[in-house]
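> Below are the sequence and a predicted model; questions follow.
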Amino acid sequence: MIQLQTERGGITVSSAVFTNIVGMAASNCFGVKGMAVRSMTDGLVHLLRKEAMGKGVLVNFHSDNTISIDLHIIVDHGVNLTAVGDSIVSEVRYVVEKMTETKVRTVNVYIDSMSVGA
């Protein structure tokens with residue numbers, strides 16, 4: 001959690017807020033099929049529904065009120081992986097900092113799978 005102090009009082013932002021913001025920002029990038037999660041039972045990577053996209057995100061909070069973000073995604077077949085990754089890092093950093101006024105230390109993108117077909 002991040003705690004912010006203003007002249008009117010304190011604000012606490014939970015990790016669920018950050019994971020949802022990150023999932024939304026990443027899934028809106030070109031070439032991203034969706035967020036991914038690895039099943040504990042069969043070890044396969046599964047595409048998450050829009051309602052659960054925060055599960056593919058891990059947010060680490062630091063003592064200096066900054067955060068580090070790890071996100072797991074599935075991309076569309078045939079996209080430039082470097083371009084998609086760069087786009088996600090830029091978009092996630094911008095959206096999180098704009099919406100929460102929290103400094104993002106790092107954004108790590110893990111491409112877990114590539115989707116073939118529509």
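Cool, got the structure.

> what's the distance between the residue nearest to the spatial centre of the chain and residue 82?
The geometric centre of the chain, computed from its C-alpha atoms, lies nearest to residue 22 (CA atoms, centre = their mean), at 3.5 Å. Separation of residue 22 from residue 82 (CB to CB, to the nearest Å): 20 Å. For the C-beta atoms, the positions are set from N, CA and C on the backbone; glycine is no exception.

> cool, and residue 25?
Counting by CB to CB - residue 25 and residue 82 are separated by 19 Å.

> between those two, which one's more packed in?
A count of neighbours by other CB atoms under 10 Å puts residue 25 above the other of residue 25 and residue 82, at 24 against 8.

> which SS state does the more buried one fall under?
Following DSSP: H, G, I helix; E, B strand; the rest coil, residue 25 is assigned to helix.

> Excluding residues flanking it in the chain, which one is nearest residue 32?
Leaving aside its chain neighbours, residue 32 sits nearest to residue 73 (5.5 Å; criterion: CB to CB, 6 or more residues apart in numbering).

> can you map out the strands along the chain?
Taking DSSP state E to define them, one finds strands in the chain at 2-6, 9-13, 32-38, 45-47, 57-61, 66-76, 103-115.

> Turn those strands into a markdown table, including mean neighbour count.
Putting the strands of the chain into a markdown table (neighbours: other CB atoms under 10 Å) gives the following:
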| stretch | mean neighbour count |
| --- | --- |
| strand 2-6 | 12 |
| strand 9-13 | 11 |
| strand 32-38 | 20 |
| strand 45-47 | 16 |
| strand 57-61 | 18 |
| strand 66-76 | 21 |
| strand 103-115 | 16 |
